[in-house]
Structures are given as C-alpha cells and as structure tokens.
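>>> For reference, the sequence and a predicted model appear below.
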Number of protein chains: 2
Amino acid sequence: MGARQLHFNLFLLDTGHHEASWRLPGSDPHANLSLAAHQHLARVAEEAKFDSLFLADSPALFGSPERRPSGRIEPTVLLSALAVSTQHIGLIATASTSYNEPFNLARRLASVDHISGGRAGWNIVTTAGDAAARNFGLEGQPLHKTRYERASEFLDVATRLWDSWADDAIVADKDTGVHAVGDRIRPISHVGPHFSVEGPLNLPRSPQGHPLLVQAGSSDDGKEFAARWAEAIFTAQPTLAESQAFYADIKRRVVAAGRNPDHVLVLPGIVPVLGDTEAEARELEAELDRLIAPEYAVAQLAQLLQVDPARLQLDEQLPADIATEDEIEGAKSRYTLVVDWARRDRLTVRELIGRLGGGRGHRTFTGTAVQVADTIQHYFENGAADGFNIMPAVLPSGLEAFTSSVVPILQERGLFRTEYTGVTLRDHYGLPRPANRLDPEAAEVAS
Amino acid sequence: MGARQLHFNLFLLDTGHHEASWRLPGSDPHANLSLAAHQHLARVAEEAKFDSLFLADSPALFGSPERRPSGRIEPTVLLSALAVSTQHIGLIATASTSYNEPFNLARRLASVDHISGGRAGWNIVTTAGDAAARNFGLEGQPLHKTRYERASEFLDVATRLWDSWADDAIVADKDTGVHAVGDRIRPISHVGPHFSVEGPLNLPRSPQGHPLLVQAGSSDDGKEFAARWAEAIFTAQPTLAESQAFYADIKRRVVAAGRNPDHVLVLPGIVPVLGDTEAEARELEAELDRLIAPEYAVAQLAQLLQVDPARLQLDEQLPADIATEDEIEGAKSRYTLVVDWARRDRLTVRELIGRLGGGRGHRTFTGTAVQVADTIQHYFENGAADGFNIMPAVLPSGLEAFTSSVVPILQERGLFRTEYTGVTLRDHYGLPRPANRLDPEAAEVAS
C-alpha cells in the first residue's frame, strides 16, 4: 500500500443539489428520469476514477414537485441499468429499513451485487417524515428511537440472509447431479420484535459477501448505529472544526464497538462551485441563489423546523422559541445543524435559504480548482475526512468541472488514484470482504 | 391491421424448464446467475422478434437447491439490466402481491417502464406455499381466497398510484420556475382491509401508463381475477381440447367483466423439444428424462400433492385417497392438473415425473420444426391460443433451435412479425395504453 488515498463518491440528486439547478439555460429539466443522463454522469465519474456514485431516495413524493424535478426512478432498478453501462464504479442505493421487508431488500441489494460483479452498496436510511409513513399503512412516522431499533434488527436479519449460503455451497457436479451442498445453505430462523424471517435467501452469497454498508444519520442514535454497522459514512458538516469533531467522535465510537476504525470511512458532503477565477465561481453561486423561489423555500424550511410558515419572515432571523432537537421526531441531526447555523451566523431567513439551496447543510466550496483542491487536501490531512461525498450544485456541468479541473490536481499530488486497482466497491474503498457470520470455519480463517 | 398475428413470450427459468437441463454437457450450470447468459437469451429472442421475455420468481428458496440451480436474481433488477442490453423486446417481471407493499412494487415496475422506454410487464402472482410466508413474519401461507382478495386490492392501489400523476403534469417551465402543475399530481388516499396508501407515487406516469398486466392463476379465483385485471394470461393446458375450453372460458369471463375480449391474450405454455427428425427430438427428450434424480422428483411431487413421499411408489399409480382441490391451500389449479393427468392416462409415478420434469404441466411439443409450427398454427387457428409462452427445456439451445427453425416457418406463413412495428410492449401485443383512472378528462377522451 502506498500513501493514504482520498475517496470520492458522487452524490446524484435529480438535476443537481441546488434547488434551482434545473432552471439554468444548459440544464435538462427532465434529466432526473433519463437513463441516458444517468449513464453520462456515471461514465464521467468512472472516467475520473471515483470510488462510487450514490442515489438519494425516499418512498414518498418529497419536497415540492411544483418547484423542482421530484420523480425518481427506484435506485436498485436504476443502478442495475448503470451496472451494465459501466465497468468499475461502485453503485450505492438508498433504501429504507422502515418501509421495506428485510428478505426483499436484502435480495435486491445482493442481486445488484451479482449483476455488477461486486459493486453494490446500500445507504441505510430510517426515513423521517409522515408522508412516507402514510404510504405504508401508518398515520405518521414511528418514533426516531423505534425506527433505529427496527434498523438494527433489519441489519442483523439482512446480513445473516446474505450469509445463508456458504461461499462454497455450489458445486454444480454434472456427473453426480449435485448442484449445491444442502448443509452449506442454512435457514436463519430469526424471530424478533420487528421481524420473523426463516430464510435462507434464494440467492447465493454475492461477490462482496455483503454489499458495502453506508449510513448518514448524525443524531446520537444515528452515530451509534453507524459505529456498529456502517463502513462508509456520509455527513453534513458546515465547518472544518465540526468535521474534525465528527470524525474523531465516529472513530472513537467505532473502536468502542470493537471494530477497526480504518474500516469505517468518513465522507463529508461538499458542494463544489468552480470558476476559472474566484469571482466567476461566486457569480455562479449568486446566479443560482437568485433562481430560488422564496415562498417555496420558506415552506420547505418551515416544514424542516416544524413551525408555521407565516412565522418565518424573509429578512428577519429565525423566531427565538422554535422547538429543540429532543422535541422533534423527524431528521434530528439536520434540524440541529440548520438551527445552530442560523443562530451562530445571525442569518436572516433569506440568507439561510440561500445556504440551504446550495448544500442543504453541506459545506459549499466555492472558488478555483486549486482553491477547492487545497481545501480538500487540508480536510483530508487534518483529521476531518477520509474522502468526500461530491454534491454538484448543477448536473452534469458541476461534475464535469470537478473531474476535469480538481481531480487532476489531486492526482498530481498523489492523493487520488489514476487507475482502478481493484474490482469491487470494497476494493476501491480498501475495505475487507466480510467473513460469513453463519459459517464457523470461514469466520476462523478471517479472524 | 393485417391478419391476426401470433405472439411469443420467452419464459426464462434458471438453465431451462427441464429439471436436468443443467447436467447436459453443453449447459452452463451457473447461467441462472449470469448477466451475460441472460443478455444472450434476450438478444436471441429479440432477434427473432419475440413480443417479450418473462422471469419466474418466488420470494423464497424454491424446490431443491441440491438438485438444480435455484438462486435467482430479483426480476425487476435483472430486467433493468436487460433493458439496457436490448431495444425492443418486452420485459415481464414476476412479483408477489402477498409479500410486497403496493407503493414499493408499483414504483419499481413503473421504474422499469421508464428505464426501458415502455417495455415493462408484471406477472402478478399471489405466491402459494409456506416457505415464502415464513420469510415475511407469517407461520404459513394465507388462505387462497385471502391471497386473491389482497391481490385485488393491491391492483386497485397500484393502478391508481400509476395514475396519480396526470400525463401532462410536468411542464418544466424554466422562466416561471414551475416544474409540475400541482393539481395534476393527486394523492390516492386509499384505505382498505389490506392497505392504507396515501400517495401520490414519487414517479410520473410511465410510458405505457400501466406496465402490461399478466397473470397465470387458473383456479376459479384466479380466472375471475384474470378477467378483471389481466391483459395477457399464461396457462398450463396439456391438450388442445383443454386449451380450447380454457380459452373460451376466459374470453367469456372477460366479456362478463365488461372488458373487450381482444384486449386479453391467452398464451398457453409449450415446451418445444426439436430435432432434425422426430426420432432425434424424442431421443433428446428421453436423454433429459434419464437425468432426473428420482428420489428428488418424488419428494417434489409429494410436496405438490401434500402426501407423505413414502406413499408414492415409482412404478405404481398415485394413491386413490389423496386430497381434492378444495382441501388444499396451495397452487390449486396446478394440483388438479397433475392429478387429473395421472388418473386419465393411468400414469405411474415414474411416468408422471417424466412429464413434470419437462413441462411441469405444460404441453411438450416434440418433433421437427415443421411439426411444431403446424401444431402452433393449429392451436392458434382453432380457438386455443392467441400466442404461446415458449418454455425451452434447455437454455440457450432450446431457444436457439426454436428461433432458428420454427419462427422462420411461421414468418413465411404470415403468422408472425418479421420486424417490430411498435415501440412499447403494449404495441407488440396490440393492446391499448390505459386511460388515466384518476383523470376525468383523459378517461373521457379514451372512452
């Protein structure tokens, strides 16, 4: 192994992370549903040797379809199509533990891993919000704590289903007519508070053993869950100091959970806004902010903060008496991030909306390619990141700008790969293939 | 429109429909998990201008993994990959109404329809058997009647979710910042005995409006369900007379349900076993039957008939006192088919196994290409079929033999297309794009 290397994940969201990205003259406002548009993005990221790309998701119509492209192709379906269109890049699907059955989801993720030759990952979400709950027979979202308890049991079931076929179960002996060795395929016989699942899975163990496990919750429950299960963590951290604190906290929790801290990568999200000069980059950022429809953005902010929209005045600061994190059941860590940010920087609602329109709580790096590369390197070398979740404000132009200008600088500095050296997504991230939990012999070899 | 045309669907199952197909010298015993193998099959079928291909499925490990390839990639995931690898052929996924949530499944199927440009179909199954139930928190399968009640409510919810976006909902007006017209996207607010689903779907209406609806249940409940919902029906009918009776019965029920009988296609399954001479074809059939492992086949038959395997003697007929269709809760129509067949032809258990090994109740057409083409034409022109579900005993060789020898004969006779003339799967089957049920204006135009 050479020097420690950066990791890049491309975070795809509709036509870009900025609310108004679809309105730019060069944007295709239907790109969110276009296979060709996604194939182009995947190929650009693969050409730049990104570790992976990732699709956000929620099983509900999210945000405001009046104001931005909102329809989304289901991630495991879309990633399977992209698996055929690419050869190396990892493919990470967001999927909810609250609104799926473990058997079905474990199988679909393993299916993507088989189809892609070991390039599947799962961004595990518990799905905040009543809109999703009401699509699945509930009147409102389960409690935050309940969602995380279900998620933990879900992961226990899913990982054991993935391990229900030993790696050597299939022998396919034409002479004797034995296709698989019966006792190398085992039920899991799980009975728990949320699920009863007999197993085995109807699919042999996949190339990676388990698809890569990714997670993004930054609440206390979320971080404990990540310490136990996650192998890569997406996080929104608005400053270097906060990224460093988060990084140290996660690695400490991972060690406390008995795991190797090098096997859990921390990837803060950044929104790179690039120009040939810093002034040009700032002008692009301002142009996007001007295209945000304020009444829509206020309604979104009010929903996040669980306040009456009429109480949010564009040119005033947030009301003093809004709820604390403990009082809400939604996306807790995102809530606290936004409120702290507004208070600390004494932002008006209009200014807060501008920041949220770009990165929704993630750090925006605005400047020239060298400036952005310097900042990335500084984070990477100062205990704030193992890599980054790259969130272009506008697609595909924001990705193309990053891969053509920032990536070559980091490659020249020896911080990022110039060729893929492995085959699977786990290879790209430098993470081990997990031993089979149900197979005592395999576990012994791996330990 | 020219003369009435045949329709062909390719029914893909593991390495072929014969239990022993994987053991032939030329077979790839791992083909069931191979993307490349499936791409090859899809391309061969598309080259021959087949209407569609279809993947069987069950959310449980089915049959005996010791004795044949049993792992299966989840159909919506695999078909999405095949959508990228083909341009015309329809792609039909089997999925269960008993073990999915309508929101998730409706969305995945619509996603495949978007990805494929309107080539998705859904083979609707209610999933018999306790093994599947035990993967989803149940101790055993729900009653047959309950499964069909759930299926009907599931279809009602799924079709309304597909219609929750009007076809003209998206305007994407960059100047005004209006992406979609809010009141053209509507919740469905469904509350029923099995599901409560608020909607709308988080995906615009797909190219076909609804993916093509396919169904295969032949019990009384199954036929009533088909008459209400299905647009194509797969069925196992061992003789011409039984096919004719089934065909007439279905068309009558469709009319009684107030639908156009030309909009419901009946596609019996056939297993073509081809040779340059009839003797050569019979020898291939016998070779396959010799490769069946009898103790395994007896166990499978005992499971289907719900009798103790010790009561089935290879060289004797079925016991006289086995259960009637009314007494079982599994796959009722398949049960009756097998028992009737054994009794009528006074088959020993060994002979019955031979027939099941090939077509599992479907008709095997063994002979030369001309003989098989003649039989197909005879069925088609005598009220027994609108087309066929082609079930090669061995893949890919059985498909290649059919497309290279039988299809050209039927094309020369003007019974089967020589080029695709439409774009979507509905175009291939000559079926209309459904009006939007939630949109009074669209419904008026269509009626």
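Perfect, thanks for sending it.
>>> From here on, just use CA atoms for contacts and neighbour counts.
Noted.
>>> Quick check: which ranges of chain A have low pLDDT?
In the prediction, chain A carries residues with pLDDT under 70 at positions A:1-2, A:293, A:330, A:357-362, A:440-447.
>>> What is the longest helix of it by residue count?
Longest helix of chain A, by residue count under DSSP state H: helix A:144-162.
>>> what's that helix packed up against?
When contacts are defined as 3 or more Cα pairs under 8 Å, 6 or more residues apart in numbering or on different chains; DSSP states H and E, helix A:144-162 sits against helix A:102-116, helix A:220-229.
>>> cutoff 6 Å now
Judged by 3 or more Cα pairs under 6 Å, 6 or more residues apart in numbering or on different chains; DSSP states H and E, helix A:144-162 is in contact with helix A:102-116.
>>> Tell me, how many residues neighbour A:A31?
A:A31: 18 surrounding residues under other Cα atoms under 10 Å in any protein chain shown.
>>> could you list every residue that touches it?
A:A37 (Cα atoms under 6 Å, 6 or more residues apart in numbering or on different chains).
>>> From chain B, how far out is it?
According to Cα to the nearest Cα, to the nearest Å, A:A31 and chain B sit 11 Å apart.
>>> Please see if stretch A:195-215 touches chain B.
Yes: on the criterion Cα under 6 Å from any Cα of the partner chain, stretch A:195-215 is in touch with chain B at A:F195, A:S196, A:V197, A:E198, A:G199, A:N202, A:L203, A:P204.
>>> Does the third one touch A:P187 like I think?
No: counting by Cα atoms under 6 Å, A:V197 does not reach A:P187; the two are 8.8 Å apart.
>>> So between those two, which is more surrounded?
Ranked by neighbour count (other Cα under 10 Å), A:V197 and A:P187 place A:V197 first, with 28 against 19.
>>> Name the nearest residue to the more buried one, sequence neighbours excluded.
Nearest non-adjacent residue to A:V197, counting by Cα to Cα, 6 or more residues apart in numbering or on different chains: B:N135, 4.3 Å away.
>>> since we're on the closest residue to A:P261 other than its chain neighbours, how many residues are nearby?
Once flanking residues are discounted, A:P261 sits nearest to A:K251: 5.4 Å by Cα to Cα, 6+ apart. When counting by other Cα under 10 Å, one arrives at 20 neighbours for A:K251.
>>> so how far is chain B from A:K251?
In terms of Cα to the nearest Cα, A:K251 sits 35 Å off from chain B.
>>> Show me the contact partners of the helix or strand hosting that residue.
Per DSSP states H and E, A:K251 falls inside helix A:240-256. Here helix A:240-256 makes contact (Cα under 6 Å, 6+ apart) with A:A227, A:Q237, A:P261, A:G383, A:A384.
>>> and the direction of whatever helix or strand comes next after that helix versus that of helix A:240-256, what angle?
Where DSSP H and E defines the elements, the next helix or strand beyond helix A:240-256 is strand A:265-274. Strand A:265-274 and helix A:240-256 are oriented at 160 degrees to each other (axes from the mean of the first three to the mean of the last three Cα atoms, to 10 degrees).
>>> For strand A:265-274, name the packing helices and strands.
In terms of contacts (3+ Cα pairs under 6 Å, 6+ apart), strand A:265-274 is packed against strand A:232-235, strand A:363-367, strand A:388-390.
>>> Could you tell me how far the nearest residue to A:R43 once chain neighbours are set aside is located from A:L155?
Once flanking residues are discounted, A:R43 sits nearest to A:T86: 6.6 Å by Cα to Cα, 6+ apart. A:T86 sits 28 Å away from A:L155, going by Cα to Cα, to the nearest Å.
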